[in-house]
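next input, structure requested:
(one chain, ligands or ions: 3)
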Amino acid sequence: MLVLGLESSCDETAAAVVEDGRKVLSNVVASQVDEHRLYGGVVPEIASRRHAENVVGVVREALEQAGTALSDIDAVAVTYAPGLIGALLVGVNFAKGLAFSADKPLVPVHHLRSHIAANYLAHPELKPPFLCLVASGGHSHIVAVEDYTRFQVIGRTRDDAAGEAFDKAARSMGLPYPGGVYLNKAAQGGDPHAFKLPNPKVEGAPYDFSFSGLKTAVINLIHNAGQKGETLPVPDLAASFQAAVVRALSDRVMMAAEAFGYKTVALAGGVSANSCLRETLSQQCGEKGIRLFMPPLSLCGDNGAMVGAQGFYEFLAGNRADFTLNAYASRPIDQ
Ligand code: ATP
Ligand code: MG
Ligand code: FE
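Ligands and ions are numbered 1, 2, ... in the order given. Next up, the predicted model:
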């Protein structure tokens, strides 16, 4: 079964053709990152406009690269939530038009479910149930993936998402957007023990995260040094901050795996591209005899292939939308 996956929840206009939820036939991503970098972050109004300009070309290219015509496609899957509402609406409305004109079923896909499904494209042996750490620009969850379309959130962030904390800390260090990527690079030459940063816990919620205190601690360090006319070494700051975020993420996911008896753990979302997180979890899972799955770097960020993959499983579960489908800025993964 061929699914066309469409993604427009943030600043990537993306389309892909995926076979049976597992095989990528094409994966086209038009990123707007260079334009948003001018403003230090995603400008929603610009994102919507660029999606509207790019979507036709991106879908056409995805079909062409896959060697398929629209008539060969068995379903159109689209990200409908969560994300920037104006950005999501472009993809949703385009998918509706496509599905209607080609007389194909329309499948609504939750963005975080699709981040998790990126793993299915690279790891044929991965099947639910497993535990997944979803860490992205807007979300940080520990999710029990009970089945392809059944999820339970075990832990979540109480404030900033991990990616958001990376981006804000990076900005305070004078690094370009998207900060997580540049902070990861800067940290490579730094000492992770150079600065002592808090390891915040959420009272009574052992699997929940809190990153805003960590971000504020870094901002305060920089500010206080600045008042004394000093500048702090960015590589050391970046390495210390990264180590603190990775510790918070990896400690909790390992604790949850043990408490809930999971022998399989997966990583998902943009932050799963972080080299320190990948190394730390690989080592910790290795020591505990837990199998760890991570998306390849090319599938960590937003893309259409992951939507095609999850769309296949949503279709099998009978999840279809009619042409009243709407977009939602926020919507829980387990609803
Ligand atoms: P969401 O998926 O929550 O809706 P999003 O789609 O904007 O948000 P993603 O595309 O999944 O987010 O991920 C982008 C985030 O990942 C950004 O915050 C970015 O800084 C972060 N990120 C990307 N690469 C790295 C890296 N190597 N290290 C740390 N963070 C990274
Ligand atoms: Mg993006
Ligand atoms: Fe995302």
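
what about residue 228, neighbour count?
7 (other CB atoms under 10 Å). Heads up, the C-betas are built off the backbone N, CA and C, glycines and all.

got a list of what it touches?
Contacts for residue 228 were tallied using CB atoms under 8 Å, 6 or more residues apart in numbering; there are none.

distance of residue 218 from residue 109?
35 Å (CB to CB, to the nearest Å).

out of these two, which sits in the more crowded spot?
residue 109 (31 against 23).

can you tell me the SS state at the more buried one?
Of the three states, residue 109 takes strand under DSSP: H, G, I helix; E, B strand; the rest coil.

from here on, count from 240
Noted, 240 is the first residue going forward, which turns the last one into residue 348.

pretty sure it contacts residue 551?
No - counting by CB atoms under 8 Å, residue 348 stays clear of residue 551, with 9.8 Å between them.

residue 317 sits in which helix or strand?
Here residue 317, judged by DSSP states H and E, is contained in strand 314-320.

strand 314-320 and whatever helix or strand comes next after that strand, what's the angle between them?
For strand 314-320, the following helix or strand on the C-terminal side (DSSP H and E) is helix 324-341. Angle of helix 324-341 versus strand 314-320, following axes from the mean of the first three to the mean of the last three CA atoms, to 10 degrees, is 160 degrees.

which residue ranges form the helices in this protein?
Per DSSP state H, the chain carries helices over the ranges 272-276, 283-305, 324-341, 350-361, 401-411, 418-426, 451-466, 473-499, 514-527, 544-555.

contacting residues for the closest residue in space to residue 254 that isn't next to it in sequence?
Spatial nearest neighbour of residue 254, chain neighbours left out: residue 301 (3.9 Å); criterion: CB to CB, 6 or more residues apart in numbering. Residue 301 sits next to 243, 254-256, 265-267, 543 when contact means CB under 8 Å, 6+ apart.

stretch 412-419 vs ligand 3: in contact?
No - remark: stretch 412-419 sits outside contact range of ligand 3, by CB under 5 Å from the ion, the gap being at least 11.5 Å.

per-residue pLDDT of the residue in the stretch 440-574 of the chain that ligand 1 sits nearest to, please?
Closest residue of the stretch 440-574 of the chain to ligand 1, CB to the nearest ligand atom: residue 509 (1.8 Å). According to the prediction, residue 509 has pLDDT 98.

what residues does the stretch 390-539 of the chain have near ligand 1?
Counting by CB under 6 Å from any ligand atom, the residues of the stretch 390-539 of the chain close to ligand 1 are 402, 405-406, 417-420, 423, 508-510, 512-513.

what subset of those residues is buried?
Applying a neighbour-count criterion of 16 or more other CB atoms under 10 Å, the buried members of these are 402, 405-406, 417-420, 423, 508-510, 512-513.

of the residues of the stretch 390-539 of the chain next to ligand 1, which pair is most distant in space?
418 and 508 (15.2 Å; CB to CB).

one step back: so which of the helices of the chain is the most packed in?
helix 544-555 (a mean of 29; mean count of other CB atoms under 10 Å).

show me what that one is packed up against.
Helix 544-555 makes packing contacts with strand 241-246, strand 251-258, strand 262-270, strand 314-320, strand 345-349, helix 350-361 when contacts are defined by 3 or more CB pairs under 8 Å, 6 or more residues apart in numbering; DSSP states H and E.

so is that helix next to ligand 2?
No - counting by CB under 5 Å from the ion, ligand 2 has no neighbours in helix 544-555; the shortest distance is 13.0 Å.
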